[in-house]
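*Asks:* sequence and predicted model, in that order:
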Amino acid sequence: MNVDMFLQNLQSVQDRYEFTLRDMWDMDETWVTTVQKPVKVVPRKGSKQIEKRTSAERGTLVTVAIVVSAIGNAVPPFLVFPRVHFRDHFLINSPLGSSGAANPSGWMKESDFVGFLDHFVKHTKCSKERPVLLLLDNHESHLSIDGLNYCSTMTIYDIPGIISTALTIAVTPANILAGFKTVGISPFNRDIFQEEDFMGAYVTDRPLPNDLSEMQAYQENGSPGMLNIYSSEATDKTTNQAGSPSTLRDAQLEGMNELVAPNMAISHVNEPTPSTSGISTQKKNKLELNTRSSKTTT
């Protein structure tokens, strides 16, 4: 099937551009290592024991990219060396016109392939007015966005054609049904997600404080914006136990003021300050006033 698709695409491109034999190029890569391993051993006839000598080293490889045309011409090789930075002296004694790149692995990578394309254009003199056909395998380094952009300039009018090709591959009944099934929508599955599915969110998931001690711990850790919504009864109960009036509410409002816009502020009406006995000052004053009134009447 892949062979039929290749021949179909080749015929389509050939019909469109009508390439001549000198404009059809084929590129392939091979590697050469510093340690050679013998494939065959030729012993003396009649030998009972045959020895094989080879190096225990793994060796260091260099990738060599070679391009040839349909009329027998060739482009000087492009070499990829296993080094961090490329130096011109790497190409000493190489064929005339050779070029190269370097990366730690020594294999062809996406950035190196763009350098190869520049080397290929330099020697073939191809241009937008005189395009050529370059045949490649489907290695991932040959399919980078930078490489495609180097070979052709994409416009907004090319996008519909790209979408048309992608949709026929991606939007299939099997993929659509699998999408609904994966999230538990159809068929309905309430328990589709397990605890381990949320492990990635635990890095930023922080529980809200439930009492004054947790709020103070968050503030000491540099997180005054962590708030909790308390009911009025729970707030009064907590502040009464702590013995500091409106401490928790003030801490909440201070943290909320840091989250709103600068020209906005959150305020509250000061409520009667609770005493340590749990009786508000207003009620205590009223009780004292009633006591004095009863004494005056007596």
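*Replies:* Happy to help now that I have it.
*Asks:* local confidence estimate at Leu289?
*Replies:* Leu289 is assigned a predicted lDDT (pLDDT) of 50.
*Asks:* walk me through the domains of this protein.
*Replies:* Domain assignment for the chain by automatic domain parsing gives 18-34+58-153, 157-205, 212-277.
*Asks:* the ones you listed: lowest mean pLDDT?
*Replies:* If those are sorted by mean pLDDT, domain 212-277 sits at the bottom with a mean of 48.
*Asks:* tell me where the stretch 51-200 of the chain has helices.
*Replies:* 110-124, 145-151, 159-170, 173-182 (DSSP state H, counting those that start in this stretch).
*Asks:* in the longest one, what's buried?
*Replies:* This points to helix 110-124. Applying a neighbour-count criterion of 16 or more other C-beta atoms under 10 Å, the buried positions in helix 110-124 are Asp112, Phe113, Val114, Gly115, Phe116, Leu117, His119, Phe120, Thr124. From N, CA and C alone the C-beta is placed, and that goes for glycine too.
*Asks:* using JSON lines, lay out the helices of the stretch 51-200 of the chain together with distance to Thr33.
*Replies:* Below are those laid out as JSON lines (distance: least, C-beta to C-beta, whole Å):
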{"stretch": "helix 110-124", "distance to Thr33": "18"}
{"stretch": "helix 145-151", "distance to Thr33": "26"}
{"stretch": "helix 159-170", "distance to Thr33": "38"}
{"stretch": "helix 173-182", "distance to Thr33": "43"}
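*Asks:* mind listing the strands for the stretch 1-150 of the chain?
*Replies:* Secondary structure of the stretch 1-150 of the chain by DSSP state E, counting those that start in this stretch: the strands cover 24-33, 61-69, 74-82, 99-103, 133-135.
*Asks:* closest one to Asp4 among the ones you listed?
*Replies:* Asp4 lies closest to strand 133-135 among the strands of the stretch 1-150 of the chain, at 16.1 Å (C-beta to C-beta).
*Asks:* neighbouring strands for that closest one, and are they parallel or not?
*Replies:* strand 24-33 (parallel) (DSSP bridges).
*Asks:* got the angle for the partner strand vs strand 61-69?
*Replies:* If you take axes from the mean of the first three to the mean of the last three C-alpha atoms, to 10 degrees, strand 24-33 sits at 160 degrees to strand 61-69.
*Asks:* ok, residues contacting strand 24-33?
*Replies:* Outside strand 24-33, the residues within contact range by C-beta atoms under 8 Å, 6 or more residues apart in numbering are 59-70, 75, 106-108, 116, 120, 124, 132-137, 139.
*Asks:* CA-only coordinates of it in CSV, if you can.
*Replies:* Extracted C-alpha coordinates of strand 24-33, given in CSV (Å, rounded to 0.1, in the frame of the first residue of the first chain):
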residue,chain,number,x,y,z
MET,A,24,15.1,14.4,-10.1
TRP,A,25,17.3,13.7,-7.1
ASP,A,26,17.4,10.9,-4.5
MET,A,27,18.9,11.3,-1.0
ASP,A,28,19.9,8.7,1.5
GLU,A,29,21.9,8.5,4.7
THR,A,30,24.4,6.0,6.0
TRP,A,31,26.8,5.9,8.9
VAL,A,32,30.5,5.2,9.2
THR,A,33,32.0,4.2,12.5
